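Novice: Starting from these lines, generate the structure:
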Amino acid sequence: MSKLSLPTPRPLDPNDPVRLAGLVLVAVAEPPLDERRPWIERAAIADALTVPGADAPLYLTDDGIAIATTGIGKSDAATTTAALLATPGLDLESAYVLSAGIAGGPPNGAPLGSVVLADAVVDWDRKHRWDGSDAPGERIDTLAYRPRDYVHHLADRVLEPALAAAEETPLEDDPEVRAYRERYPTSPDAEPTVAVGTTVCGDEFWHGPRRAEEVAWLCDAYGVGPYATTQMEDAATATALERFGLLDRYLSVRAVANYDRPAPGQSAAESFDGTDASLALAIENAERVGSTVLEKLLETDPLGIRP
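Specialist: Down below sits the predicted model:
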């Protein structure tokens, strides 16, 4: 894989703020999970900025879209997002924001390579857990004290035009991924598609049907089941945006790279990461849909925030 040629990052000038039209948040910029690469390769990168507290430089296109790498997990995502929002010299008041990257998913949900736009983001980590019976509701529970349910509901005014654009986006498929999907008897016999559903965010790399039952139970307890994808950043990103009053312009765009449990005859270790082909397919389709969605939001400005 060739090395990308990128501009040298420069510090922000608080006296000359950079106004963004859009902000794309990816978690990883290193192989084999380089979610950032297709965004950088296909955009006209005009500038690069250093932001104190961010995980990596911020790369700007010539039409005002910034591509940021948050790092993996909720603490990295929250820190990077808050740094971008709080830094003098960076203006996001008129920017649409989306997370774009890979996710896990249940095998009876969207086929591998599919892209799911979240209508709700659940925080998986804020719960009780204890030894119990085989019933998921006796192994976990919602927190006894909680000021609110740990769910972010994303704005229909942004989701609806984004979904319309996403559904018109041609998705890639891969014969190796199709063959891998066939190992799961409950996986739909279908090509990758676009869907809407709940995404569940947690720092725990869980895998297997027992944990999947608990995830489903928690989503049902919050009234947002069934879940469609699982990932590690979006609840933290949404919380940071909410604290700054900007949650209404946020979208989560996640492509299914692996199923969240083994296929028959597989071990958890063999199935945990999916395959190289399924990872590459998900990274490709996440960028395809994400870039189309962002273009549509900037064109139609459903919230009326663009200057």
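Novice: Can you tell me what sits against the helix or strand bottoming out on mean pLDDT in the chain?
Specialist: One helix or strand of the chain scores below all others by mean pLDDT, DSSP states H and E: helix 268-271, with a mean of 90. Residues from elsewhere that reach helix 268-271 (CB atoms under 8 Å, 6 or more residues apart in numbering): 207-208, 258-259, 261-263. Where you see a C-beta, it was placed from the backbone N, CA and C, and this is true even at glycine.
Novice: out of those residues, which are buried?
Specialist: Buried members of those, scored by 16 or more other CB atoms under 10 Å, are 207, 258-259, 261-263.
Novice: Would you mind listing where this structure has pLDDT under the threshold?
Specialist: Counting by pLDDT under 70, the ranges of the chain that qualify are 1-2.
Novice: Where is the longest helix in it?
Specialist: helix 276-300 (DSSP state H).
Novice: Any idea how far that helix is from the middle of the chain?
Specialist: Remark: helix 276-300 is offset 11 Å from the chain centroid, using CA atoms, centre = their mean, to the nearest Å.
Novice: That helix packs against which elements?
Specialist: strand 22-26, helix 37-42, strand 96-105, strand 115-123, helix 156-167, helix 175-181, strand 250-259 (3 or more CB pairs under 8 Å, 6 or more residues apart in numbering; DSSP states H and E).
Novice: buried set for that helix?
Specialist: 277-294, 296-298.
Novice: Any idea how far apart the tips of stretch 34-50 sit?
Specialist: With CA to CA, to the nearest Å as the measure, stretch 34-50 spans 20 Å from end to end.
Novice: which parts of that stretch are buried?
Specialist: Burial within stretch 34-50, assessed by neighbour count using 16+ other CB under 10 Å, is assigned to 34-40, 43, 45, 47-49.
Novice: Serialize those to a markdown table and add fields for distance to E93.
Specialist: Formatted as a markdown table, these follow (distance: CB to CB, whole Å):
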| residue | distance to E93 |
| --- | --- |
| D34 | 30 |
| E35 | 26 |
| R36 | 24 |
| R37 | 29 |
| P38 | 28 |
| W39 | 23 |
| I40 | 25 |
| A43 | 22 |
| I45 | 23 |
| D47 | 19 |
| A48 | 22 |
| L49 | 17 |
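Novice: ok, those vs E233, which is closest?
Specialist: Of all the buried residues of stretch 34-50, E233 sits closest to E35, with 10.5 Å by CB to CB.
Novice: Just list the residues touching the closest one, thanks.
Specialist: Taking CB under 8 Å, 6+ apart, we find E35 in contact with 26-29, 100-102, 283, 286.
Novice: host element of it?
Specialist: Assigned by DSSP states H and E, E35 belongs to no helix or strand.
Novice: before we move on, back to that, ok, the contacts of helix 268-271 vs E176, which is closest?
Specialist: Minimum distance to E176 across the contacts of helix 268-271 is 13.6 Å, recorded for N258 (CB to CB).
Novice: picking up where we left off before, what angle do the longest helix of the chain and strand 22-26 make?
Specialist: Helix 276-300 and strand 22-26 are oriented at 170 degrees to each other (axes from the mean of the first three to the mean of the last three CA atoms, to 10 degrees).
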